[in-house]
Each structure stands twice: as structure tokens, then as C-alpha cells.
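Undergrad: One predicted model, sequence on top.
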Protein chains: 2
Amino acid sequence: MAKRDSIILHILTTEKKVEVAGLAERLGVSTVTMRKDLDALQAKGLIVREHGFAMLANPNDVGGRLAYHYDEKLLIARRAAELVPDGGTVMVESGSCCALLARVLADTKQNVTVITNSAFIANYVRDSASVSCTLLGGTYQHDSQVMVGPLVHTCAQEFYVDRLFIGADGWIDGVGFTNADQMRADAVRSMAASASEVVVLTESEKFGQRGAVPMRLPGKRVSVITDENVSDEWRQSLERSGVTVTIA
Amino acid sequence: MAKRDSIILHILTTEKKVEVAGLAERLGVSTVTMRKDLDALQAKGLIVREHGFAMLANPNDVGGRLAYHYDEKLLIARRAAELVPDGGTVMVESGSCCALLARVLADTKQNVTVITNSAFIANYVRDSASVSCTLLGGTYQHDSQVMVGPLVHTCAQEFYVDRLFIGADGWIDGVGFTNADQMRADAVRSMAASASEVVVLTESEKFGQRGAVPMRLPGKRVSVITDENVSDEWRQSLERSGVTVTIA
DNA sequence: GCCAGCTCCTTTCGAACGTAAGCATATTCT
DNA sequence: AGAATATGCTTACGTTCGAAAGGAGCTGGC
């Protein structure tokens, strides 16, 4: 990931919509170079372009959330991909790191099967012949493109895999990982019942935050892959709760 | 649907990729007008634009298939929508007419629930608050964005509705409707088991063709909605087989 | 040290783009 | 019927776009 791309994403994250020419001037490059960078970012699904402007993809979309802390998320996804062998099958939930994991698997592995409740992820790796997707049925959440509800539970029962990768919106000491959306948290529990280990992929920033809905995964082996900025305090909190911590 | 739009789609269907300026000249309008038309078609998902060019969306995508005989398909979809009351629930399969039906429902009805095995359709009506989607789980076909396989069967069993709307790739006298893809034909059967009536939405052109896989819907009440160009010969063949024919 | 090869950036230019203002033909209102 | 409004197209203009060609800076080999 080029350094300038990170700066562009950071600016876009705060300002949403900027002129190409103005952005080029602020970064001290020509408009041609700027356009090339923006095209590359658009190809990754992180931003959307219009004539003369660049703006963040809808933050409700996973694509928009990806733009935030993209570097860390990519490192985490790459580390997670190491856990998946060629020809393996994994469950993947709908978080933004999870989407990147699917993308990394599509780009670097052979013949991997991804079971997910995210239509975004299925579409995200659509161009790759090396990943085959199974989409769990359910009620389609319009903004997040994620399947939720009782049908997810029914579908998930049809499978059993080694690992389920999930995102998280927060961590509360003594309570565990949390999610912002009750329906999605429930979907995670349904999927977790069909996996022997749950791997949480999340940027360290999330540890300071608290989602509204505890994930509640009692009796599950849980580990987390996060970035190097996680503080000792949170790391100890995690390990006290029996969560294995891996730094990407 | 403007008359010129139909001509544009017809040209695009045969030539795939054309220059905006050249197209404007051929139709005798200014480039400004041409761009406006093309933008409108792009907004409907029928074509894709590049700097200076317009081209058909990938024909493997439903969007690309929609461009072909768009007028007829829209009429059929509108007629089919009349069968669906506000607040109703319908099953919809993955054909291009079915996608248009979902779009029409989204634009004209209130509080309709669409149960489908097509991730394309779920995404296609994503912007509408008046349609809620339930996506049936299954193996995700990369090119068509359709769910197939045994999981579709399991999921479909969780529901029962009045009507299932499906597409078809052909009709053979004495055999019935046919489909080009075995997996998708199987998905149709799974869904048909959970509906009291099957409504086939298809352009009249299809009656001269034969898909490779008979749909086989024994004991089902079957009707078809098609366009006015259906010949008497085929119409009688359909009615002999107990299929109710409606002209849109 | 220094040259070849490579990558990345810039300059340049004609073509394409979006917007606004103007004109002509329908349509509606009084 | 005649004026007011609406629709659809064109011309015109300043801006942005994509592609090609040239230059700066880095890397590796001798």
C-alpha cells in the first residue's frame, strides 16, 4: 500500500467528497498522478469517482468501512489468511476485515471454500475462480448486504468447519466482544455453533469501544488477530479471558 | 420507455461497445442528448459507460440480459406485479424478467416481501424501503449471482407462498418449460415445492427455443405471462398442456 | 563509480464531459 | 383560441479525462 494512498483515504474519510484537482495540489502531485491513484483505490472498491470528484463509498457499505484504517485491516487479513490452507473451508462473517480476508484468500490461495452470510463478500470475490462461495440464507439487510435471522441458524447447521472469522465492534472486560447490531450478533452465534474455533479480526482501535450487544460465545475457543497498536492493558484483559492474541 | 432508448439497446446488443459521438451521429441527435440517454440507461443497470464509450453490461450478468428485449420484459413484469398485493409475499427466481418484477414491486408497492435465490435481485432492490428481501442460501454461482444446490432446498422448505415467479429458457411441446442450467432448474423445483402456483415470465421469443434441462413441475398449477408476439401455435401448445396464458 | 534498466511522476494535447442558456415543439390552463 | 407551462433538443463554454512522450530518481550489476 503506497503511502500516499493512506493519506488520500484519511482525507476522504474526514471530508467525504473532494475535488481531484484540489486534492492533487494539497498532496503536491500532478492531476494525472492523482487520478491514477484514485482509479486504483476505486478498483479496490474503497472510493467512488465522479467527473472531477472523488468520494468515499457509502459508509454503510462494507466498501466504505474498508477505507478507514485500510493498512491495518489488510495486515490483519493477510495474517488470518495464513491460517487457511489451500483447499480448505472456512466460515466468514460480515466484518470489513473479513471481506478483506476473503479477498486475500481469492488472490493467494487455491480452491478455498468460503461460507458466509455476507452477500457483499460473495460479490467481492466474484471474479476469482479460486474461491467458491456458499451463502447462508436469511433476511437481507439492505444497507449492509448481510443475511440475518432464523434462516441463518438453519443454514449454518448444515456445516461444520475448523474456523469462523468474525469482526467485532468493541470489547468489554469481563463481558467479551460486542457488536453494534443485534441481528448480526445473533447470526454470529448461529455460525459459531458450527465452528470449532472463532477468530476475531479487528483493529486495535476497537478495544477502546463498546458495542451495544455482547457477542456471547460461551465455551468457544476464541482468538483475536489485531494490529500492533493494541495496548498492554487490553492485551492482558483479553488474555485473562482466555483469548489468544496475535499481532499481525 | 423512450423509443430512442430501445434503438440504443438494440445497437448495443449487437455491437457491445460503441463510441458515444458515433452513436449520437447515427441516431441524429447531439452528443449531449446521447449522453443523457446513456446515463439514464446506466442508472437502470442496463449498460456500462466509459470515457467516450458505452457498452453492454456483462451478458452473464442479469443486467446485460435485461438490455435484450427490455420493452417486452418490462411489460411482462408490470403485468406480473398486478398479481402481488401490498403487504404480500412472493417467491422470485433468478430470471431477468423476475429481476424487473422485483424492481417494479419496489417502485409501485408497499411492504412486499420477496423471497429469492438471486443475490442480484436482492441487490437490485436494495435502495427501496418498500421491499424486504429474504435470500435463500446455497452455493453462489459466480457469473449469475444465483444460489443453487441442496441448501436452496433446505431453505425453501421454511416457507410457503401463493406464487413463485420464474424465468424460462425454452418450451418444448409435451415436455414443458426448460432451463439452460441444471443447477438452476433444480433450484426452481425446490422453490416450486413451497408455492401453490408457478408463474413463468418469459418473452414470446423463447417459445421457439429449447433449453437443455426440462423444468419438470408435475402437479403444479402453472401459468405464463408473455408478450403479444406469441404465435397461436405456441399458445395452443401451452393451453393444451394446461398452462394459463396471459398477454402483457 | 557509473551505466542500464526500472519505476514513478510530469507535461502536453486533443477528445469527452457537465452545466447553462436558448430555441422549438407539445400540452395545459383560462 | 391564445397565453402560459412543460418537455426535449441544441449550441456553447470552461473543465476534466485518457494516452503518449519525456524526465527525474532509485536499484542492481560490473
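TA: The structure has been received and is ready for your questions.

Undergrad: residues in chain A within reach of DNA strand D, list them.
TA: Within chain A, the positions adjacent to DNA strand D are A:19-21, A:31-32, A:35, A:39, A:49, A:51-52 by CB under 7 Å from any atom of the strand. The way it works is simple: take the backbone N, C-alpha and C, and place the C-beta from them, glycine included.

Undergrad: now, which of these lie close to DNA strand C?
TA: Among the residues of chain A next to DNA strand D, DNA strand C is touched by A:31-32, A:51 when using CB under 7 Å from any atom of the strand.

Undergrad: Leaving out chain neighbours, which residue sits closest to A:Gly174?
TA: Nearest residue to A:Gly174, sequence neighbours excluded (CB to CB, 6 or more residues apart in numbering or on different chains): A:Ser241, at 7.6 Å.

Undergrad: Around DNA strand C, pick out the residues from chain A.
TA: A:2, A:4, A:28-33, A:36, A:51.

Undergrad: Closest one of those to chain B?
TA: Comparing the residues of chain A next to DNA strand C against chain B with CB to the nearest CB places A:His51 closest, at 9.5 Å.

Undergrad: Check the closest one and give its pLDDT.
TA: Looking at A:His51, its pLDDT is 91.

Undergrad: burial measure for it, as a count.
TA: A count of nearby residues for A:His51, using other CB atoms under 10 Å in any protein chain shown, gives 6.

Undergrad: what's the answer for A:Lys16, then?
TA: By other CB under 10 Å, the residues close to A:Lys16 number 12.

Undergrad: From A:Val48, how far out is it?
TA: Plainly put, A:Lys16 is 11 Å away from A:Val48 if you go by CB to CB, to the nearest Å.

Undergrad: intersection of neighbour lists for those two?
TA: Residues touching both A:Lys16 and A:Val48 (CB atoms under 8 Å, 6 or more residues apart in numbering or on different chains): A:55-56.

Undergrad: what stretches of chain A score poorly on pLDDT?
TA: By pLDDT under 70, the low-scoring segments of chain A are A:1-2, A:59.

Undergrad: In it, which residue sits closest to chain B?
TA: A:Gly137 (3.1 Å).

Undergrad: Quick one: residues contacting the closest residue to A:Ala81 other than its chain neighbours.
TA: Closest residue to A:Ala81 in three dimensions, ignoring its sequence neighbours and counting by CB to CB, 6+ apart: A:Val104, at 4.4 Å. By CB under 8 Å, 6+ apart, A:Val104 lies in contact with A:74, A:77-78, A:80-81.

Undergrad: Could you do A:Gly28 as well?
TA: Contacts of A:Gly28 (CB under 8 Å, 6+ apart): none.

Undergrad: For it, give its distance to B:Ala193.
TA: A:Gly28 is 64 Å from B:Ala193, by CB to CB.

Undergrad: right, and the secondary structure at A:Val199 would be what?
TA: strand (DSSP: H, G, I helix; E, B strand; the rest coil).

Undergrad: Tell me, how many residues neighbour it?
TA: 25.

Undergrad: Hmm, it is touching A:Thr226, no?
TA: No: using CB atoms under 8 Å, A:Val199 is not in contact with A:Thr226, being 10.9 Å away.

Undergrad: re the thing from before, in whichever helix or strand the residue nearest to A:Ala81 is part of, what counts as buried?
TA: Using DSSP states H and E, A:Val104 sits in helix A:96-108. Residues A:96-106 are the ones in helix A:96-108 that count as buried (16 or more other CB atoms under 10 Å in any protein chain shown).

Undergrad: Would you reformat those as a markdown table and include distance to B:Asp173?
TA: Listed next are the buried residues of helix A:96-108 as a markdown table, based on distance: CB to CB, whole Å:
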| residue | distance to B:Asp173 |
| --- | --- |
| A:Ser96 | 53 |
| A:Cys97 | 55 |
| A:Cys98 | 50 |
| A:Ala99 | 48 |
| A:Leu100 | 52 |
| A:Leu101 | 51 |
| A:Ala102 | 46 |
| A:Arg103 | 48 |
| A:Val104 | 52 |
| A:Leu105 | 48 |
| A:Ala106 | 45 |
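
Undergrad: Return the member of those residues nearest to DNA strand D.
TA: DNA strand D lies nearest to A:Arg103 out of those, by CB to the nearest atom of the strand, at 23.5 Å.

Undergrad: got a list of what that closest one touches?
TA: So A:Arg103 contacts A:77, A:124-125 (CB under 8 Å, 6+ apart).

Undergrad: Highest neighbour count among the residues you listed?
TA: Of these, with other CB under 10 Å as the count, A:Val125 tops at 25 neighbours.

Undergrad: Surely it is in contact with A:Ala106?
TA: Yes: between A:Val125 and A:Ala106 there is a contact under CB under 8 Å: 4.2 Å.

Undergrad: Show me the common contact partners of these two, please.
TA: Among the neighbours of A:Val125, those also in contact with A:Ala106 (CB under 8 Å, 6+ apart) are A:Val131.

Undergrad: and the residue in chain A that DNA strand D sits nearest to, how many residues sit next to it?
TA: Across chain A, no residue is closer to DNA strand D than A:Gly52, which sits at 3.5 Å (CB to the nearest atom of the strand). Close neighbours of A:Gly52, defined as other CB under 10 Å, add up to 10.

Undergrad: now swap in A:Pro214 and tell me
TA: Neighbour count of A:Pro214, defined by other CB under 10 Å: 15.

Undergrad: Would you map the helices across chain A?
TA: Taking DSSP state H as the criterion, chain A carries its helices at A:3-15, A:20-27, A:31-43, A:62-67, A:70-81, A:96-108, A:119-124, A:150-156, A:182-192, A:232-240.

Undergrad: What residues does A:Asn179 make contact with?
TA: With CB under 8 Å, 6+ apart, A:Asn179 has these contacts: A:168-170, A:185, A:188, A:211-213, A:215.

Undergrad: Dihedrals phi and psi, the closest residue to A:Asn60 other than its chain neighbours?
TA: Once flanking residues are discounted, A:Asn60 sits nearest to A:Asp143: 4.0 Å by CB to CB, 6+ apart. Per-residue torsions, A:Asp143: phi -80, psi -40 (degrees, to the nearest 10).

Undergrad: What about A:Asp143, how many residues nearby?
TA: Per other CB under 10 Å, the neighbour tally for A:Asp143 reads 10.

Undergrad: I figured it was touching A:Val62, is that so?
TA: No: at 10.1 Å, A:Asp143 does not count as touching A:Val62 under the criterion of CB under 8 Å.

Undergrad: related to what we said a few turns ago, now the angle from the helix holding A:Val104 to helix A:70-81?
TA: Interaxial angle, helix A:96-108 versus helix A:70-81 (axes from the mean of the first three to the mean of the last three CA atoms, to 10 degrees): 60 degrees.

Undergrad: Give me the distance from helix A:96-108 to the chain's centre.
TA: Distance of helix A:96-108 from its chain centroid, counting by CA atoms, centre = their mean, to the nearest Å, is 8 Å.

Undergrad: pretty sure A:Asp39 contacts A:Arg49?
TA: Yes: using CB under 8 Å as the test, A:Asp39 is close enough to A:Arg49 to be in contact (7.4 Å).

Undergrad: Spit out the residues that contact those two alike.
TA: With CB under 8 Å, 6+ apart, A:Asp39 and A:Arg49 have no common neighbours.
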